[in-house]
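Participant: kindly generate the corresponding structure for this input.
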Amino acid sequence: MALIAIGSWRTPFIAFGILGIVWAALWYFYYRDTPAEHRSVNDAELQLIHADNPARPDTSQRVPWGAIFSNSTVWSLALMYFCYAWCLVIYQDWFPKYLYSHFKVDLKTMGLLASLPLLAGVVGDLVGGWASDRIGERTHNLKLARRSVAIVGFLIAGASILPATLATSPAACVAYTCLALLGLELTVGVPWAVPLDIGGDYAGSVSAFMNMCGNLGGLVSTTLLAYLVRAYGWNMPFFLGAAACGVAALLFANSALMLKRRADTSAHWRSTQESCLRSPCTRRTR
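Facilitator: Numbers count the residues shown, from 1 in each chain. Predicted coordinates:
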């Protein structure tokens, strides 16, 4: 809002675009895939690093997409992330407009009110990942650690969106929305951890597919919202967002989430890939 006040509504887009280009350039020139490839890492540091983590040989091979796409947990993750992003972009892209159109909040006040739910979401990001790890450490049950945090988070989000939508004052709406974004972001660490749990060497491919589905959910949601508001008013998009949270909670409750040790899972993906290359891969992987 400060950037808009200084210039125009285009100013934040220009500023963030320049920031993105600078960040990409820094990442390109500084980041390397392994410590050995980095110019600032010396031999003593490499020996120290490899003492606990021996250098792995290059085992590059084709990604076993057949095994990935036939895995029920992967599809549960993808659909869940579709629902997560569907709900999230409503608040990222449209919440300031909602406050302005529905409650007639002025630009200066909106800058504060619209930022509070995002701040609550940051808290949820941190707490969700921490809670899942602590539950896993105490119970030695990785499935429980992942599922419990995700289900609770989505239920908090869905239940909070409803009173936020029906609130008659901007303060009450923002307060409930803070709780909704806190719950929604409690869940986000879990879908990014599960690909590491089940994907092994192909965790990047699993998470990329999941993230693509999430982006599709966000694309559909933010585009559809304008038509829903025109046809049914502002309540309908938020009601659908609450429903998406309920669906995501059910996906986690009903998902097998067969979590395995990464090394075992990597070997499994590779063995499945070999069989898929010899014949069509139609069976589900576990």
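
Participant: contacts and neighbour counts: CA atoms only from here.
Facilitator: Fine.

Participant: elements contacting whichever helix or strand residue 174 is part of?
Facilitator: Assigned by DSSP states H and E, residue 174 belongs to helix 170-186. Helices and strands touching helix 170-186, as assessed by 3 or more Cα pairs under 8 Å, 6 or more residues apart in numbering; DSSP states H and E, comprise helix 72-89, helix 107-139, helix 142-166.

Participant: let me have those helices in CSV, extended by mean neighbour count and mean pLDDT.
Facilitator: Shown next, in CSV, are the helices and strands packed on helix 170-186 (neighbours: other Cα atoms under 10 Å; pLDDT from 0 to 100):
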stretch, mean neighbour count, mean pLDDT
helix 72-89, 24, 93
helix 107-139, 17, 90
helix 142-166, 22, 94
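
Participant: ok so, going back, could you export the helix holding residue 174 as CSV, CA atoms only?
Facilitator: As requested, C-alpha coordinates have been extracted for helix 170-186 and formatted as CSV (Å, rounded to 0.1, in the frame of the first residue of the first chain):
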residue,chain,number,x,y,z
PRO,A,170,-14.4,-5.5,9.0
ALA,A,171,-12.7,-6.1,12.3
ALA,A,172,-14.6,-9.3,13.0
CYS,A,173,-14.0,-10.4,9.4
VAL,A,174,-10.3,-9.9,9.6
ALA,A,175,-10.0,-11.6,13.0
TYR,A,176,-11.7,-14.7,11.8
THR,A,177,-9.7,-14.6,8.6
CYS,A,178,-6.5,-14.5,10.6
LEU,A,179,-7.5,-17.7,12.2
ALA,A,180,-8.5,-19.2,8.8
LEU,A,181,-5.1,-18.3,7.3
LEU,A,182,-3.3,-19.6,10.4
GLY,A,183,-5.1,-22.9,10.0
LEU,A,184,-4.5,-23.1,6.3
GLU,A,185,-0.8,-22.4,6.6
LEU,A,186,-0.5,-25.0,9.4
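
Participant: now do the helix or strand that it is followed by against helix 142-166, angle only.
Facilitator: Next along the chain after helix 170-186, taking DSSP H and E as the criterion, comes helix 189-199. Going by axes from the mean of the first three to the mean of the last three Cα atoms, to 10 degrees, helix 189-199 is angled at 150 degrees with respect to helix 142-166.

Participant: which strands and helices lie in contact with helix 189-199?
Facilitator: helix 107-139, helix 142-166, helix 203-232, helix 262-278.

Participant: try it again with 6 Å
Facilitator: Helix 189-199 is packed against helix 203-232, with contacts defined by 3 or more Cα pairs under 6 Å, 6 or more residues apart in numbering; DSSP states H and E.

Participant: list the buried residues for the helix it packs on?
Facilitator: Of all the residues in helix 203-232, those buried under the rule 16 or more other Cα atoms under 10 Å are 203, 205-207, 209-211, 213-215, 217-218, 221-222, 225.

Participant: now that helix: how far from the chain's centre is it?
Facilitator: Put simply, helix 203-232 sits 12 Å off its chain's centre (Cα atoms, centre = their mean, to the nearest Å).

Participant: tell me the mean pLDDT for that helix?
Facilitator: For helix 203-232, mean pLDDT is 94.

Participant: next SSE after it?
Facilitator: That would be, after helix 203-232 and using DSSP H and E, helix 235-254.

Participant: which segments of this protein make up each domain?
Facilitator: 1-53, 71-278 (automatic domain parsing).

Participant: need these in a markdown table with distance to residue 62, can you?
Facilitator: Below are those laid out as a markdown table (distance: least, Cα to Cα, whole Å):
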| stretch | distance to residue 62 |
| --- | --- |
| domain 1-53 | 18 |
| domain 71-278 | 8 |
